[in-house]
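when you get a sec, could you give me coordinates for this:
(one chain, ligands or ions: 2)
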Amino acid sequence: MFEKIALVGIGLIGSSLARVIRREGLARHIAIATRSKATLKRAEELGLGDSYTTEAKEAARDADLVIISVPVGSSGEVAAEIAPALKKGAILTDVGSTKASVIAQIEPHVPDGVHFIPGHPLAGTEKSGPDAGFADLFDNRWCIFTPLPGTDPEALEKLSEFWRRCGSNIDTMDPQHHDMTLAIVSHLPHIIAYNIVGTADDLESVTKTEVIKYSASGFRDFTRLAASDPTMWRDVCLHNKDAILEMLARFSEDLASLQRAIRWGDGEKLFDLFTRTRAIRRSIIEAGQDIDVPDFGRQAVEHPGAKS
Ligand SMILES: NC(=O)C1=CN([C@@H]2O[C@H](COP(=O)(O)OP(=O)(O)OC[C@H]3O[C@@H](n4cnc5c(N)ncnc54)[C@H](O)[C@@H]3O)[C@@H](O)[C@H]2O)C=CC1
Ligand SMILES: O=C(O)C(=O)Cc1ccc(O)cc1
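Ligands and ions are numbered 1, 2, ... in the order given. Okay, the predicted model is just below:
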């Protein structure tokens, strides 16, 4: 599909892309750039690309497709660095979990003639780094684009076809709607997980050993999310601040209402809520959208491509 694809950032997402690009033969040359020498060395040991550099600009030079896969707070500095090297007609995209802030950071640096199309694959795990990636990560998952007004339809179709060949289904929406939607379905669950595990860790009446020894599977599910990369999630919180604060306000109100129902023994209210939420879970399963995440973890370890 492309002569040269440049991957800037080679962690969970960048390395999964490298693996699926190779498997599907989507580029003749995969150029890998990352800031840290140790990560770059590891990417080379894993054989993820065809060329390796710590200079993002070098990787981006002559590339037909450049994919920025770094924590969202670093999007602007990466865009500024690669901008002078981008060739006319190239497609520039990203995979960031927030969109309005990423657009604000990248757009000012995009040279005329370069097609900037913001994107977000809704696929991931709690793991990070080049060892964590696997080629199947994007299989049957959504990739959302938030195109800017005036986006070239041909470039959008080419990038859509690329993601389809990576296994994904495509949707488009405006960045504000993306950020609001993701705040409730992805960002809040992580924040709640960080909070509940932090609360358990701070308890004086229950020891850390007891938390570990007796953790029920519900708590364990939270610890998986709470093990997610601190830099990535710090950046998500800081760069989707308004939407997250709005959703947290709603969440706190609803939590207070639940608290009141428990205090006053309002069993009917509790039963009604728990019945409504069970239906949501069933709809997700019926839509084929449930994912056995522990399997994801195992795949990351067992996937032969990850070590080859
Ligand atoms: N982890 C997940 O489940 C998902 C993450 N995302 C988004 O994908 C992006 C990447 O996340 P992961 O791959 O999980 O992170 P990661 O921590 O596994 O990898 C990040 C990579 O970026 C590199 N990097 C950091 N700053 C850099 C800079 N200034 N210049 C060049 N390289 C730099 C790091 O060395 C590393 O290779 C983030 O924006 C995140 O929001 C999107 C979907 C899922
Ligand atoms: O590990 C999980 O359960 C995730 O939810 C992964 C994830 C994290 C961030 C994203 O923007 C998209 C997916």
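
which stretches of this structure form helices?
Assignment of helices within the chain using DSSP state H yields the ranges 12-24, 37-45, 56-60, 75-82, 100-106, 153-165, 175-182, 188-202, 208-214, 217-226, 230-239, 241-263, 267-286, 293-302.

for Glu210, give me the pLDDT.
What the model reports for Glu210 is a pLDDT of 88.

what do you get for the one 5 residues further on?
Taken from the predicted model, the pLDDT recorded for Ser215 is 87.

ok, Arg234 - contacts?
Contact partners of Arg234, counting by Cβ atoms under 8 Å, 6 or more residues apart in numbering, are Pro71, Gly73. Where C-beta positions appear, they are placed from N, C-alpha and C, glycine not excepted.

distance check, it against Ser74.
As defined by Cβ to Cβ, to the nearest Å, Arg234 lies at a distance of 11 Å from Ser74.

with distance to Ala123 as extra columns, can I get the helices of the chain in TSV?
What follows is the helices of the chain, written out as TSV (distance: least, Cβ to Cβ, whole Å):
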stretch	distance to Ala123
helix 12-24	8
helix 37-45	20
helix 56-60	23
helix 75-82	19
helix 100-106	17
helix 153-165	10
helix 175-182	13
helix 188-202	15
helix 208-214	29
helix 217-226	15
helix 230-239	14
helix 241-263	21
helix 267-286	16
helix 293-302	9
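
out of those, which is closest to ligand 1?
Ranking these by proximity to ligand 1 (Cβ to the nearest ligand atom) places helix 12-24 first, at 3.6 Å.

quick one: that closest one near ligand 2?
No. Judged by Cβ under 6 Å from any ligand atom, helix 12-24 stays clear of ligand 2, getting no closer than 8.8 Å.

close to ligand 1: what parts of the stretch 201-308 of the chain are there?
Asp229, Met232, Val236.

roughly how far apart are the spatially most central residue of the chain and Leu65?
Closest to where the C-alpha atoms of the chain average out (Cα atoms, centre = their mean) is Ser97, at 4.9 Å. According to Cβ to Cβ, Ser97 and Leu65 sit 20 Å apart.

check Asp136 too.
As judged by Cβ to Cβ, Asp136 and Leu65 stand 21 Å apart.

the more surrounded of these two?
Leu65 (23 against 19; other Cβ atoms under 10 Å).

coming back round to it: the residue nearest to the centre of the chain reaches His187, doesn't it?
Yes. Contact criterion Cβ atoms under 8 Å: Ser97 and His187 qualify, at 7.5 Å.

so what's in contact with the two at the same time?
Common contacts of Ser97 and His187, defined by Cβ under 8 Å, 6+ apart, comprise Val236, Asn240.

any regions of the chain where pLDDT drops low?
For the chain, applying pLDDT under 70 flags the ranges 291-308.

and with 90 instead?
By pLDDT under 90, the low-scoring segments of the chain are 203-217, 284-308.

how about the residues of the chain by ligand 2?
Residues of the chain found near ligand 2 (Cβ under 6 Å from any ligand atom) are Ser97, Leu122, Gly124, Thr125, Glu126, Ser186, Val293.

can we see that at 5 Å?
Residues of the chain lying close to ligand 2 by Cβ under 5 Å from any ligand atom are Ser97, Gly124, Thr125, Glu126.

leaving out sequence neighbours, find the closest residue to Gly288.
Spatially, and ignoring its direct neighbours in sequence, Gly288 is nearest to Asn140 (7.8 Å; Cβ to Cβ, 6 or more residues apart in numbering).

contact partners for the one you found?
Shown in contact with Asn140 (Cβ under 8 Å, 6+ apart): Gly167, Ser168, Asn169, Gly288.

can you pull the contacts of Ser69?
Leu7, Val8, Gly9, Ile10, Gly11, Ile13, Gly14, Leu17, Asp94, Val95.

any chance of these in TSV, plus distance to Val78?
Below are the contacts of Ser69 laid out as TSV (distance: Cβ to Cβ, whole Å):
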residue	distance to Val78
Leu7	12
Val8	6
Gly9	8
Ile10	13
Gly11	13
Ile13	14
Gly14	12
Leu17	15
Asp94	9
Val95	12
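
tell me which two of these sit farthest apart.
Spatial extent of those (Cβ to Cβ) is set by the pair Ile10 and Asp94 at 14.2 Å.
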